[in-house]
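K.L.:
Provided below for reference: sequence and predicted model.
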Amino acid sequence: MKSVENSSLEQIAEIWRASKVTVALTGAGISVASGIPDFRSPKGLWSEFDPMEYGTLETFIQDPEKAWQMFLAVSKLARKASFNSGHKALAELEKAKKLKAIITQNIDGLHQLAGSRNVIEMHGCGRTLACPECGYTEAVPETGLQPEPVPCPRARTLPASHQTHRYLKPNVILFGEDVKREAIQNIIHWQNSMDLLVIIGTSADVYPAAALPNAVKALGAKIIEINLEPTRISRTLSSCFLKGKAEEILPKLQKLVLG
């Protein structure tokens with residue numbers, strides 16, 4: 001296999017222009033320039049809050065105040081963040097019908113704020129609160145989460161629907177929770193439809209994202225990867241790899257793809 005590290009913007013743009021159904025898979029790397037560090041980085045959230053201690057469904061059920069400490073830290077980061085040029089470039093590509101969908105591992109909602117419409121949030125979104133039992137949802141206030149866990153307002157009137165959960169939680173997938181069926185169905189739809197997958201800012205090591213590159217490659221789709229460093233995908237699956245920052249590369253690609 002050729003060295004994918006030598007791919008150029010022009011090569012990638014040519015593949016993108018020729019594609020009929022292009023889908024992007026994004027991860028933490030696209031939001032770093034927005035002020036949201038990768039949770040797994042040395043300065044990321046997991047260095048302060050062990051996810052298997054604070055970020056599990058079991059912790060939220062048994063000790064919601066403890067889980068809320070981590071939720072507050074996430075909310076603080078998200079409240080400061082705004083979309084960057086990488087998010088905006090993808091939104092413009094979608095608007096021009098050169099990008100059909102974005103599958104994201106991020107929970108920051110920045111793709112939608114940038115103008116993207118067809119966004120599949122694999123791990124949910126931290127900009128809303130939801131009751132895991134009765135389904136009630138509400139937006140997180142612009143000022144961020146309140147200091148203490150928020151009781152579900154339906155808990156008193158619908159006690160039978162709140163046998164386990166009496167508090168709202170950020171509408172994200174915690175460890176020990178399944179990815180929502182609707183998200184999985186949408187991912188499978190695009191997995192079977194795309195002829196080009198553009199991987200941006202993620203090593204895609206966490207399932208279900210980890211399964212997507214292998215699946216689309218087996219179905220005949222090409223894979224383009226944009227990351228700070230090569231990954232297992234670059235070495236085994238990618239047709240093209242471009243090393244660099246998403247917020248710098250994507251606006252240039254957008255111009256080349258759209259001519």
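P.N.:
In hand now; what should we look at? Everything quoted here is computed from the prediction, not taken from an experiment. Numbers count the residues shown, from 1 in each chain.
K.L.:
residue 9 and residue 252: what is the separation?
P.N.:
Using CB to CB, to the nearest Å, residue 9 is found at 6 Å from residue 252. In short, each C-beta sits where N, CA and C put it, glycine included.
K.L.:
list the contacts of the nearest residue to residue 176 once chain neighbours are set aside.
P.N.:
With sequence-adjacent residues excluded and distances taken as CB to CB, 6 or more residues apart in numbering, residue 176 is closest to residue 57, at 4.0 Å. Listed by CB atoms under 8 Å, 6 or more residues apart in numbering, the contact set of residue 57 reads 132, 174, 175, 176, 177.
K.L.:
can you list the low-confidence ranges for this structure?
P.N.:
The model of the chain has pLDDT under 70 over residues 1-6, 41-43.
K.L.:
might one say that residue 147 is in contact with residue 75?
P.N.:
No. Counting by CB atoms under 8 Å, residue 147 sits too far from residue 75 to count as a contact (10.6 Å).
K.L.:
out of the two, which sits in the busier spot?
P.N.:
Remark: of residue 147 and residue 75, residue 75 carries more neighbours, 20 against 9, as counted by other CB atoms under 10 Å.
K.L.:
quick one: contacts for that one?
P.N.:
Neighbours of residue 75 in contact, by CB under 8 Å, 6+ apart: 126, 140, 144, 145, 170.
K.L.:
what do you get for residue 23?
P.N.:
Contacts of residue 23 by CB under 8 Å, 6+ apart are 99, 100, 101, 102, 103, 190, 194, 196, 197, 198.
K.L.:
so which of the residues you listed wins on neighbours?
P.N.:
residue 197 (29 neighbours).
K.L.:
only C-alpha atoms, please: export the host helix or strand of it in CSV.
P.N.:
Following DSSP states H and E, the helix or strand that holds residue 197 is strand 196-200. What follows is strand 196-200, C-alpha atoms only, in CSV (Å, rounded to 0.1, in the frame of the first residue of the first chain):
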residue,chain,number,x,y,z
LEU,A,196,-16.7,8.0,0.9
LEU,A,197,-16.1,8.3,4.7
VAL,A,198,-14.1,11.3,5.9
ILE,A,199,-12.6,10.7,9.3
ILE,A,200,-11.8,13.9,11.2
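K.L.:
which is the next helix or strand following it?
P.N.:
Assigned by DSSP H and E, the successor of strand 196-200 is helix 211-218.
K.L.:
show me what secondary structure element comes after that next one.
P.N.:
Following helix 211-218 in sequence, per DSSP H and E, is strand 222-227.
K.L.:
which two among the contacts of residue 75 are spaced furthest apart?
P.N.:
Distance extremes for the contacts of residue 75: the farthest pair is 144 and 170 at 11.1 Å, using CB to CB.
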